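1. let me see the structure of the following:
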Amino acid sequence: MIGTLPLVRLALRRDRVLLPVWVLFLVGVTYSTTTALEELYGSAQSRAQLGVTANANSAFLAMLGPLHDWSSLGGLVVWRWGVFSGLFIAIMALLVVTRHTRAEEEAGRTELISAAVVGRHAPLAAAVVVAGGTSLLIGVLQAVVLIGKDLDAAGSFAFGLSTASVGLVFTGVSAFTAQLSENSRVSNALAGGFLGLTYLFRAAGDAAGESGPQWLTWLSPIGWTEQVRSFGDNRFWVLGIALAAFAALVGVSAYVVTRRDVGLGLFATRLGRPEGTIGTPLGLAWRLQKGSLIGWSVALFVVGVIYGSVAQAVGQMVQDNPTLGQIVQQIGGADAMVDAFFGTVTQLLGLISAIYLVQAVLRLRSEETSFRAEPLLATPVSRWGWAASHAVFALVGGAVVLAFAGLGLGLVYGLQIGDVGGELPKLLGAALVQLPAAWVVAGVALLLFGVFPQFTGVSWAVVSASLVITLLGPALRLDRWVIDVSPFSHVPKYPDVTFGPLAWLTAVAVVLLVAGFAGFRRRDLTT
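-> Model prediction:
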């Protein structure tokens, strides 16, 4: 463990901008959500009506989880923000740990540091301290914010610590996946895949109903936060499960560190075929990007299947709740409610696909900083050709992953109502309508790569901001100009699709992409 504290200080210095942004984001949204819900549901009657509606709708249950306590404002905050808070803090933890463990080994810096008076466990311990400490800080600050809004102290700390527990669990998950592969991208993909799987377990368990497999929620660290039941039972003992998982994962990771060589993974990297399609920039890009494309396509197809399977419950909810049925009848009946559900779901799928697009574009930066681009560009390969070979996977690949999402939605919902031929094309089109907005986000990423390569990490801030503004902007009562900052706010809502906004979004994306290509052509490579 010798040298752990200096490495902690080094990590904090390197992340002196990134970590405060994460803290302010998660704590700030907690405050904004509480303020907005206080204004929207100030009376006990309005909260009770929301509780009946939310818990009777499988779609709400799949997206947000159950509303355990609607008698208090704190219970509404946990329901509206708890799942997303856990999801975001998990992403923060896995990115931070991989950045300071596997990415450092991949770059060769860990080997240099290990040549000094530094213990074998110090790099891993420093990453765990930084990611885990940041998670705890976020949880405590969330509790303080809720207490400042005059909410119950026990419930506030139950919520804050449950959020922190998700960060701790995925700190351990990322510490373990960092031992498996020699590549940081693979490590992040494994941790991200586990996060997606546990999210699906939670969604399926919450939406299952009393007669379904609700036990699936217990397989998810995000589901554990729901089982704490903050502002209700305040079951602090559930946090012990997260702490045990964190300790076990970190312990196993520390053991594996002593059983492998620096720079290598627990599993050897698979060698490629001696012959193949890497004779061209596009062929090489396909070899590098195909795993990510296939993984994202399968993941979004599964998400589409899950949301498509609960869509029928939206119409059923109207039949089970006469009061709600009278309200819905005024806006067009159950069909209009189902259309609104699919409009929200396809928008969410578009936002998720933007993560893949940015990841595909930033592979360019990864290749450059790893000094693999320079030898390639020393050949007759042009800069435009090399950059375009990876940009194709952001543009065409984005259409592929959204198409799989739309197929999952349309196929399952069509089978449920006995109209696959009618619903599949409509929902496939509704998913692909989100593509121009995702292209705009990819254009911003390419512009940063081409003109301001040192700030390519801001691309992830653009994705996060779009996600929060689009999904939470109306609930937070943000000004219209703030909501308009997100390109997804301009996508026509299903089923009323108009092509004017899509044309404008496509034009903006083209301008951003061309500017990024031009900037890359004129600047020096990373030295």
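
2. contacting residues for residue 164?
-> For residue 164, the contact set (CB atoms under 8 Å, 6 or more residues apart in numbering) comprises 89, 135, 136, 138, 139, 140. Placement of C-beta: from N, CA and C, glycine included.

3. in the helix or strand harbouring the fifth one, what counts as buried?
-> When elements are assigned from DSSP states H and E, residue 139 belongs to helix 122-148. Under the neighbour-count criterion of 16 or more other CB atoms under 10 Å, helix 122-148 has 122-143, 145-146 buried.

4. one more: stretch 256-266?
-> Residues of stretch 256-266 classed as buried by neighbour count (16+ other CB under 10 Å): 256, 257, 265.

5. now that stretch - C-alpha only, CSV.
-> Provided in CSV are the C-alpha atoms of stretch 256-266 (Å, rounded to 0.1, in the frame of the first residue of the first chain):
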residue,chain,number,x,y,z
VAL,A,256,-5.9,-10.8,-8.9
VAL,A,257,-3.5,-7.8,-9.1
THR,A,258,-0.8,-10.0,-7.4
ARG,A,259,-1.4,-12.9,-9.8
ARG,A,260,-0.8,-11.1,-13.1
ASP,A,261,1.9,-9.0,-14.7
VAL,A,262,1.6,-5.3,-15.0
GLY,A,263,0.0,-4.3,-18.2
LEU,A,264,-1.6,-7.7,-18.8
GLY,A,265,-5.1,-8.8,-18.1
LEU,A,266,-6.4,-12.0,-16.5
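
6. among the buried residues of stretch 256-266, which are in helices?
-> 256, 257 (DSSP state H).

7. dump the buried residues of stretch 256-266 to a markdown table, plus distance to residue 4 and pLDDT.
-> Formatted as a markdown table, the buried residues of stretch 256-266 follow (distance: CB to CB, whole Å; pLDDT from 0 to 100):
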| residue | distance to residue 4 | pLDDT |
| --- | --- | --- |
| 256 | 18 | 91 |
| 257 | 13 | 89 |
| 265 | 23 | 78 |
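
8. closest one of the buried residues of stretch 256-266 to residue 181?
-> Taking CB to CB as the measure, residue 181 lies nearest residue 265 of the buried residues of stretch 256-266, at 4.4 Å.

9. wait, doesn't the closest one sit right on residue 179?
-> Yes: using CB atoms under 8 Å, residue 265 is in contact with residue 179, at 6.7 Å.

10. gap between the lengthiest helix in the chain and the chain center?
-> Ordering each helix of the chain by length in residues (DSSP H) puts helix 281-320 first. Centre-to-centre, helix 281-320 and its host chain are 14 Å apart (CA atoms, centre = their mean, to the nearest Å).

11. what is the mean pLDDT for that helix?
-> For helix 281-320, mean pLDDT is 77.

12. likewise stretch 490-507?
-> The model assigns stretch 490-507 a mean pLDDT of 86.

13. so what touches it?
-> 339-340, 342-343, 346-347, 350, 426, 429-430, 433-434, 436-437, 439-440, 484, 487.

14. distance-wise, check residue 29 relative to residue 145.
-> From residue 29 across to residue 145, the span is 10 Å (CB to CB, to the nearest Å).

15. which regions of the stretch 401-527 of the chain sit below the pLDDT cut-off?
-> 475-477, 527 (pLDDT under 70).

16. so the next helix or strand after the helix holding residue 139 versus helix 122-148, what angle?
-> Per DSSP H and E, the first helix or strand lying C-terminal to helix 122-148 is helix 153-177. Put simply, helix 153-177 runs at 160 degrees to helix 122-148, going by axes from the mean of the first three to the mean of the last three CA atoms, to 10 degrees.

17. and the helix or strand encompassing residue 400, what does it pack onto?
-> Using DSSP H and E, residue 400 sits within helix 383-417. Counting contacts by 3 or more CB pairs under 8 Å, 6 or more residues apart in numbering; DSSP states H and E, helix 383-417 is packed against helix 281-320, helix 334-369, helix 373-377, helix 420-432, helix 435-451, helix 499-522.

18. may I see those helices arranged in TSV, with distance to residue 47 as well?
-> Below are the helices and strands packed on helix 383-417 laid out as TSV (distance: least, CB to CB, whole Å):
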stretch	distance to residue 47
helix 281-320	18
helix 334-369	21
helix 373-377	56
helix 420-432	32
helix 435-451	34
helix 499-522	36
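
19. can you put these in a markdown table and add mean neighbour count?
-> Putting the helices and strands packed on helix 383-417 into a markdown table (neighbours: other CB atoms under 10 Å) gives the following:
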| stretch | mean neighbour count |
| --- | --- |
| helix 281-320 | 19 |
| helix 334-369 | 22 |
| helix 373-377 | 14 |
| helix 420-432 | 19 |
| helix 435-451 | 26 |
| helix 499-522 | 16 |
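
20. mind listing what the closest residue to residue 143 other than its chain neighbours touches?
-> With sequence-adjacent residues excluded and distances taken as CB to CB, 6 or more residues apart in numbering, residue 143 is closest to residue 160, at 3.3 Å. If you count contacts by CB under 8 Å, 6+ apart, residue 160 has them with 138, 139, 140, 141, 142, 143, 144, 146.

21. and which of these is nearest to residue 382?
-> residue 138 (45.2 Å).

22. for that closest one, what are its contacts?
-> 22, 23, 26, 27, 89, 160, 163, 164, 167.
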